[in-house]
Every structure is written in C-alpha cells, then in structure tokens.
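Chemist: Sequence and predicted model, in that order:
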Amino acid sequence: MIVPNDPYLPLSIDQQLLDALVNITSQRELESLAVSFVESITKLTNASTASIYLLCGELGHVSAKIVASNNPYEPAGAYISSLESRNELRECIDTQNSISVDLKNAQRTVYPILEKNNVTGLLVCEHVHKDLIQHDKIIMSLSSIYANQHSLLNYQQRDGLTGLYNRVALQNWLSKALKIDSAKDRRADAEIPVGCFAIFDIDYFKRINDSQGHLYGDEVLVIFAEIMRESFRYNDQLFRYGGEEFVAVLSETDLDTALTVLERFRTTISQHNFSRLNQVTVTIGVTEIVPRLDAGTLIEHADQALYYGKNHGRNQVNAYEWLKQGHILQSTSESPHNFKLF
Ligand code: GH3
Ligand code: MG
Ligand code: MG
C-alpha cells in the first residue's frame, strides 16, 4: 500500500519505472526490444505471463508471430496461424481497445500495440484481478513506448522504395540464423537444412530504365515487391538486397517445395501485365540454408545458381544443390563473380 506522506516510497516506484524505460529504449534489435518489454511488464505489474504478438499478413491481419513471451505455452518464434479462432484477439484489433477475458483464477487482457493508428501487434498478459486494476494505465503507457521504439527500429530495417526488409535486416537475419558458434560444426543438426534461401535478379532491368525512364523502373520494382508479398507465405521473409535484386528466406521449406513455389512466382512475374512493357522476367537462384555455413558461402551458393540461369537464357529458377550434383557448377573458389558481402 502506498503511504502518501512517505517521501521515499514514491521515489522507489518511479526508479523502477525509469529503469524499465532505460532498458526498453536502449534496445537496438526488434527481438531484444520485445524481450525487454515483456520483462518490464512482468516486473512492474506482477503479470503472471506476458506475450507479444506481431501481426503478419498485409490484409486483414490473419496471423501473428510470437516475438517474446514468458508463457511456456507460447514460445517465441511460434506462429498463431489463425486469429479468427480467438475472439479476444480479433476484437482487440478491430476496436483498438484492450479486451479482458475472465479465466479461472485470473484475467487475461489483450492490449493493442498501435503504430500510426494501426494495430501492428498485441500484448497479451495474465494477472490476478487486483493486480490488473492497479496497473492497467502503466501497461497502456508502456505499450505506447514500446510501439514508438518498435516503429523506429522497424523503419531502419525497411527499404524506402518497396517497404521490404533492407540489407541491414538481411545482415541481422544471417548473423542470427548462421550464428558463429565454435560448437556448431561438431553438432549433427548443424547439417540439417532449416529452409531455403533464394536470390532474385530482374532480367535486363537496365533496358527498362533506358527505354522507360528511371521513375518507371522504380514502379516496376514496387510492383515486383508487391507480387512477392502476395506470392510467399506469412512466415517467409522478403528483402530488397540491392537495386533490382531481392532475397526470400523460405522457412522450414525443403528444396523441392521451394522450387515449386519459386517457379510459380517466376511464371506470375512473366505473365504480369506491366503497363508499358511487353514482359518482365526474373532469374532466380536458390540453395538450402544449412546452419553450418557462413553467410558468405550461403549467398555465394544462391548466387552461383542465379548466374548459371543468367548465362543459360534467364527467366528460370535453378538450385545450387541440383547443379552441384550434376557437376555443372565449379567449386566455390571458382565462383562466377566476386561480390562484396555488406
Ligand atoms: P541482367 O539480366 O544481367 O540482370 O541485366 P540487368 O540490366 O538487369 O543488370 P544490371 O545489373 O547491369 O543492371 C541493373 C540496373 O538496375 C542498373 C541500375 O541502373 C538499375 N537500378 C539499381 N537500383 C535502381 C533503383 O532503385 N531504381 C531504378 N529505376 N533502377 C535501379
Ligand atoms: Mg543485378
Ligand atoms: Mg538484373
């Protein structure tokens, strides 16, 4: 209980809050920001569990990714593939207000995380009733601070033209997915592919710029990125790697499936009606993401498959592993072109 005349108690409460703010605002990565936010909510409001969901899917927010949680049933990295099955989540998104649900011994509340008046995420926490009543306002204010920081960090990782993740984000992703770990090379599971990595390069893009102008070239890049968003799954990650080069990370996808998806995408692009052009085509190189590999080797593998396609007629998808098995590709040291990594 707060004693109004005690000059020290309010100070100690403020200090805890300030410490939490310092911690939240010192984070420079989206994941560690979410972890810091969950820790602060738990510590400051006695929440028994707290989780942050990041909404995915461009239209209608159909799914969510758990970015941080101390609820053992909601591990970070997991996806909630359909929000429709949980009314309180849907209602919170639609009304942009917090929604509470009574549980047996506690209360679960879903708070909207709002960026520029859009719900981009949800904070889901559980409290025993009396704790929640005391802390509702703190949670809402902290959620706004989290949203501000999230929007700042997210902006730094996005490409200004297409809105896809940029090269900095790709670098972050690579350093996490292929962590340099001295024990890793000895682990058997470092050999098991965790997905596929594809590089896309639009064919003869220079001609598009030269014939239609740079601005129209930009429009082609924006449309290309939109078709990418529509063509890949919500848990695949899409990046603009450079000028007219893009990357897709297809999580938990084997090579055969990746080839089917990429081939479908290639066809969609080649059949899309770009108003001022007869046809735009793309050449794609794909390779398996094997955790043992370093980032440079992974990119080089996809790049070799891409350049094989460029040299054999363009408008096609090739997999590094298939070309390697057929002894079509040279060894890595004889890579077709030298590139600088970041
Ligand atoms: P290839 O089929 O071999 O890939 O031929 P290409 O013409 O696509 O390849 P190249 O790499 O020679 O040309 C890429 C061009 O992309 C050159 C550059 O002017 C253009 N470019 C790079 N960034 C942008 C951008 O942001 N906007 C526009 N409009 N053009 C860009
Ligand atoms: Mg290029
Ligand atoms: Mg090109």
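Modeler: Alright, I've got the coordinates. Residues are numbered from 1 along each chain as shown. Ligands and ions are numbered 1, 2, ... in the order given.

Chemist: how about the nearest residue to the residue of the stretch 101-250 of the chain found nearest ligand 2, chain neighbours excluded?
Modeler: Nearest to ligand 2 in the stretch 101-250 of the chain, going by Cβ to the ion, is Asp201, at a distance of 4.5 Å. To be clear about C-beta, it is placed using only N, CA and C from the backbone, and glycine gets the same treatment. Spatial nearest neighbour of Asp201, excluding adjacent residues (Cβ to Cβ, 6 or more residues apart in numbering): Glu245 at 5.0 Å.

Chemist: For the host helix or strand of Arg90, name the packing helices and strands.
Modeler: Element membership for Arg90 (DSSP states H and E) is helix 87-95. The contact analysis (3 or more Cβ pairs under 8 Å, 6 or more residues apart in numbering; DSSP states H and E) places helix 87-95 against strand 99-102, strand 107-115, strand 118-127.

Chemist: how about a cut-off of 6 Å?
Modeler: Other elements packing on helix 87-95 under the criterion 3 or more Cβ pairs under 6 Å, 6 or more residues apart in numbering; DSSP states H and E are strand 99-102, strand 107-115.

Chemist: Need the winner for burial among the ones you listed.
Modeler: strand 107-115 (a mean of 20; mean count of other Cβ atoms under 10 Å).

Chemist: Would you map out the domains in this protein?
Modeler: 13-155, 167-325 (automatic domain parsing).

Chemist: what helix or strand is Arg264 on?
Modeler: Using DSSP H and E, Arg264 falls in helix 255-271.

Chemist: Check which residues of that helix are buried.
Modeler: Neighbour-count burial for helix 255-271 flags 255, 258-259, 261-262, 265-266, 269 (criterion: 16 or more other Cβ atoms under 10 Å).

Chemist: Could you give the bridge partners of the residue of the stretch 101-250 of the chain closest to ligand 2?
Modeler: Taking DSSP bridges as the rule, Asp201 bridges to Glu245, Thr283.

Chemist: Could you measure from it over to ligand 1?
Modeler: 5 Å (Cβ to the nearest ligand atom, to the nearest Å).

Chemist: measure that residue to Asn278 for me?
Modeler: Asp201 is 19 Å from Asn278, where distance means Cβ to Cβ, to the nearest Å.

Chemist: For those two, indicate the residue with more neighbours.
Modeler: Remark: of Asp201 and Asn278, Asp201 carries more neighbours, 21 against 6, as counted by other Cβ atoms under 10 Å.

Chemist: What strand or helix carries the residue nearest to Leu30 when sequence neighbours are not counted?
Modeler: The spatially closest residue to Leu30, leaving aside those adjacent along the chain, is Leu153, at 5.5 Å (Cβ to Cβ, 6+ apart). Secondary structure from DSSP H and E places Leu153 in helix 129-156.

Chemist: Next, the buried residues of that helix.
Modeler: Neighbour counts over helix 129-156 (16+ other Cβ under 10 Å) mark 131-132, 135-136, 139, 142-143, 146-147, 149-150, 154 as buried.

Chemist: Helices along the stretch 151-300 of the chain, start to end?
Modeler: 167-177, 205-212, 214-231, 255-271, 295-311 (DSSP state H, counting those that start in this stretch).

Chemist: lowest-confidence stretch among those helices?
Modeler: Of all the helices of the stretch 151-300 of the chain, helix 167-177 carries the lowest average pLDDT, namely a mean of 88.

Chemist: got the angle between that one and helix 295-311?
Modeler: Going by axes from the mean of the first three to the mean of the last three Cα atoms, to 10 degrees, helix 167-177 is angled at 120 degrees with respect to helix 295-311.

Chemist: any idea of the angle helix 167-177 forms with helix 129-156?
Modeler: Using the same axes, to 10 degrees: helix 167-177 against helix 129-156 is 120 degrees.

Chemist: buried sites along helix 167-177?
Modeler: 167, 169-170, 172-174, 177.

Chemist: Does the residue nearest to Leu30 touch Arg28 like I think?
Modeler: No: Leu153 lies out of contact with Arg28 (Cβ atoms under 6 Å); the separation is 7.0 Å.

Chemist: SS state for Asn315?
Modeler: coil (DSSP: H, G, I helix; E, B strand; the rest coil).

Chemist: List just the nearest of the buried residues of helix 255-271 to Asp236.
Modeler: Closest approach to Asp236 among the buried residues of helix 255-271 (Cβ to Cβ): Val261, at 8.6 Å.

Chemist: who's in contact with stretch 152-161?
Modeler: Under the contact criterion Cβ atoms under 6 Å, 6 or more residues apart in numbering, stretch 152-161 has outside partners 30, 165-166, 168-169, 240.

Chemist: May I have the residues that are in contact with the residue positioned nearest the centre of the chain?
Modeler: Nearest to the geometric centre of the chain sits Gln237, at 5.5 Å (Cα atoms, centre = their mean). When contacts are counted by Cβ under 6 Å, 6+ apart, Gln237 touches Val249.
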